[in-house]
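Enquirer: here are the coordinates; sequence isn't available:
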């Protein structure tokens with residue numbers, strides 16, 4: 001059915017009948033970043049997604065940091081010239 005709304009906001013709806021060119025133009029006008037509503041999710045899903053992305057990003061950054069030895073002597077310390 002033409003104009004059927006897939007979301008409450010009305011941002012996502014079925015395109016009207018038309019040529020391939022008209023359908024492609026319709027798709028290009030859709031928002032580049034999808035909100036949770038297009039998938040039938042509550043807006044809080046966006047918060048959860050952002051938290052997970054942040055956790056993954058920070059985890060990746062921390063994994064690139066050099067590890068430091070815990071306690072004890074590091075290599076070279078306490079060793080005299082032989």
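Expert: All right, it came through fine. All figures in this text were calculated on a predicted structure; none of them were measured in a lab. Numbering: from 1, shown residues only.
Enquirer: ok, residues contacting stretch 8-16?
Expert: Defining contact as CB atoms under 8 Å, 6 or more residues apart in numbering, one finds that stretch 8-16 is touched by 1-7, 22-23, 26-27, 30-31, 35, 37-38. (Glycine included, C-beta is placed from N, CA and C.)
Enquirer: Pick out the lowest-pLDDT one from these.
Expert: Minimum pLDDT for the contacts of stretch 8-16 is recorded at residue 1 (59).
Enquirer: now the spatially most central residue of the chain: how far from residue 17?
Expert: What sits nearest the mean C-alpha location of the chain, by CA atoms, centre = their mean, is residue 53, with 5.4 Å. Per CB to CB, to the nearest Å, residue 53 is found 38 Å from residue 17.
Enquirer: Which strands and helices lie in contact with the longest helix seen in the chain?
Expert: In the chain, taking DSSP state H as the definition, the longest helix is helix 44-63. Helix 44-63 sits against no helix or strand, with contacts defined as 3 or more CB pairs under 8 Å, 6 or more residues apart in numbering; DSSP states H and E.
Enquirer: What average pLDDT does it get?
Expert: Regarding helix 44-63, the rounded mean pLDDT is 93.
Enquirer: ok, and what's touching it?
Expert: Counting by CB under 8 Å, 6+ apart, 35, 36, 39 sit against helix 44-63.
Enquirer: change it to 6 Å
Expert: Applying CB atoms under 6 Å, 6 or more residues apart in numbering, the contact partners of helix 44-63 are residue 36.
Enquirer: likewise stretch 22-34?
Expert: With CB under 6 Å, 6+ apart, stretch 22-34 has contacts from residue 15.
Enquirer: Got the phi and psi for residue 13?
Expert: phi -150, psi 160 (degrees, to the nearest 10).
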